[in-house]
Structure formats: C-alpha cells, structure tokens
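Participant: here you go, sequence then predicted model.
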Amino acid sequence: MRAMIVNTFGGPDVFEATEIDKPQIKAGHVLVKIEATSVNTVDTMIREMGPELPLSPSAPALLGMDFAGVVEEVGENVTEYSVGDEVYGCAGGLADLPGTLAEYIVADANLIALKPKNLSMREAAAIPLVGITAYEGLKRAGIKQGQNVLVHGGSGGVGHIALQLAKYFGANVYSTGGGEAQLALIEKLGAIPVNYKLESVENYVEKHTQGTGFDIVYDSVGGKNMTNSFEAAALNGHVVSTVSMVELDLSTAHFKGLSLHVVFMLIPMLHNYRRNEHAKILHALTSIIEAGELHPVLDESSFSLSEIGQAHARLGSGKAMGKVVVTV
C-alpha cells in the first residue's frame, strides 16, 4: 500500500513516498481503508523531535493519528462492527502503533466508533483527537449548566471543539482569540469572543464575571498562558490544560484553591490503558454531532497524502483555523 514514511526526523520535508506491506488483521481489531486523516500538533512534534519525545516511534516511522474510513475486515472477538461500516478514531502514529499516513490501518476496536452520518469523511477525520481531548477535559472539570467557562484558543483544534461542547453542556462560554478572523469564528460557534491582545485578564474577568472569575478555564494554549488561566479562574475553580509541559509558580493556584486537570489523551494508546473509554467518548460525540450540536471547522487548505509535508507546514505556520485535513 502507499504510505508517507519518515526515515529521518526533522522539518516538514522529511516525508518520503513509499510502498509498504498492507497490515494484517488481528483479534480485537478492524482493518480500515482510510479515506482521510488530519494533522495535530503532537504529529508535528513527533515528526520534528523524534526520539527526544518518549512517545515517538522509531524510524522508519508511519505517523498520523486521526482517521475516517471504511471497515474492510473484522478480527476475532469484534462484534460491534461489520464490513462496510464507516468509522472514525485515533488509533496509531506513536510508539509501536503504525499511523494513518497510508491507505490502511489495523485499528483497535476500542479506539474507534461509527462515523457521524451527517459528516463527510474529511470532517470526521478532524474530530477524534481534539474531540476526545475537549470532552475529557470538560467532564473531568465537572462542567455543569449555568457555569461560566473560558476557553483559551477557541479558533484552534481543541479550542473550537471545547467551546461548542461547553455550550452543549449548558455553560455560558467565552473564548480568547487574537485576530479578527479568530474572534469572528469564536462568535460564530456560539461563544463570546475575548481579544487577549487588547484586554487584560483582570479586565475581561471583571467585564464578564463581575470579578469573580470563571468556573472552568480550558487552556489549549499552555506555556506562560497557564498563569493567565490561574488568574482568570474563580475561587475553587477548575483549570484544564492540554499543554502543561512548563515550569511555573503555583502560588496563585494554591491561594485560590484551584483544581488542575492535565489532559493527555494519548495515555490509552501508549499504555493500552482503558482504551474503551475512547470508544465511549467517540460514541457520545457521534450522538452530539448527529443532533446538530457540534461541527468541526476545517481549515481552508486542502492536501492529498503526498502533500503531507505541506499540511504539517500549514499547521506549523500558525495561520490555520480549525483542523488541517489530508485526503487519502
């Protein structure tokens, strides 16, 4: 089968077109013909850093995590899926799990779900990693109807899903962005936009919460922005982080009594730990999507499998909004 392989880790141009063996079905798995995949920040990190990241596969590496496609073969002990089913999931591209930058994947049935009927293959491929991440974070923070929720980076991959889910769960949703296009998208998705370049944390906390702070702050930006999240959170509030590989002073979090929830959704894949939780979340997301309450935003760019390097460059440019999708 056709595949785009990384033999040497580095820049976006390292991908090489290669013919590799089609994977063989095994128990508990399904063979899926991949129609589309999407690029996530963790994909670009693995491609660039390689062995420096403990979750990276060794070269030659088949990267790519998200996919949508059609089941062609069903392994033993799999009863939920049949040949011809349209499915989506996040099931490879790290450690010893071959990825999705190829025509086929053998995916653990506990890491997939039936594709939402009202999404195209490209749209469905944009959902799994960011959808699971957003859902898990909000649920761990105990989201409730009527709460004030702030999503940092609401025009990005995780952010644009998190703000829609927060709205679906009945929260009053606010989201930061730094440009006219980003703020317009945030508003279109149903959140109140906050221009972090023009408004200080103190100002928008006072403006939107009368100074009490947000019940939940979902931080998909990370780095030094974590201190902004602590500052924006209410007393005994919750901060959800997807990018917490940073050293910082936790004094503000301490004196506010904050709960910090670090979401690392790759744990089930890396450690074969509670993988069925991902299937459950994807099933829930399918229901929410089919009810018309959630829709992925695809970046205006369009790439084929052979253009995966350009897709990585697009995401790395910081100009993409929503998800960068690759048609296989």
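Facilitator: Arrived safely. From a predicted model like this one, the values you see are computed outputs, not experimental measurements.
Participant: which helix or strand contains Ile308?
Facilitator: helix 308-316 (DSSP states H and E).
Participant: for that helix, buried residues please.
Facilitator: Ile308, Gly309, Gln310, Ala311, His312, Ala313, Arg314, Leu315, Gly316 (16 or more other C-beta atoms under 10 Å). (C-beta placed from N, C-alpha, C; glycine too.)
Participant: and stretch 243-261, by the same measure?
Facilitator: Val243, Ser244, Ala253, Lys256, Leu258, Ser259, Leu260, His261.
Participant: in strands, which of these fall?
Facilitator: Counting by DSSP state E, the part of the buried residues of stretch 243-261 found in strands is Ser259, Leu260, His261.
Participant: rewinding a little: quick one: distance of the helix holding Ile308 to the chain centre.
Facilitator: With C-alpha atoms, centre = their mean, to the nearest Å as the basis, helix 308-316 stands 16 Å off its chain's centre.
Participant: now it: average pLDDT?
Facilitator: What helix 308-316 shows for mean pLDDT is 97.
Participant: who does the helix or strand that comes right after that helix pair up with?
Facilitator: Sequence-wise, the next helix or strand downstream of helix 308-316 (DSSP H and E) is strand 324-327. Partner strands for strand 324-327, per DSSP bridges, with pairing direction: strand 29-39 (antiparallel), strand 303-304 (parallel).
Participant: out of these, deepest packed?
Facilitator: Ranked by mean neighbour count, the strands paired with strand 324-327 are led by strand 29-39 with a mean of 26 (mean count of other C-beta atoms under 10 Å).
Participant: can you give me the angle that strand makes with helix 308-316?
Facilitator: 60 degrees (axes from the mean of the first three to the mean of the last three C-alpha atoms, to 10 degrees).
Participant: just to revisit the earlier point, and for the helix holding Ile308, what's in contact with it?
Facilitator: 4, 12-15, 39-41, 43-44, 47, 64, 101, 299, 301, 303, 320, 324-326 (C-beta atoms under 8 Å, 6 or more residues apart in numbering).
Participant: switch to 6 Å and redo it
Facilitator: Residues from elsewhere that reach helix 308-316, judged by C-beta atoms under 6 Å, 6 or more residues apart in numbering: Met4, Pro12, Asp13, Phe15, Val39, Thr44, Leu101, Ser301, Phe303, Ala320, Val324, Val326.
Participant: go on, stretch 79-95?
Facilitator: 30, 55, 63-66, 68, 70-71, 74, 98-100, 105, 107-108, 111-112, 114-115, 124, 128-129, 270.
Participant: do a quick rundown of the helices in the stretch 201-328 of the chain.
Facilitator: 201-209, 225-232, 251-256, 267-271, 276-290, 308-316 (DSSP state H, counting those that start in this stretch).
Participant: pretty sure Val297 contacts Gly322?
Facilitator: Yes. Under the criterion of C-beta atoms under 6 Å, Val297 makes contact with Gly322 at 3.1 Å.
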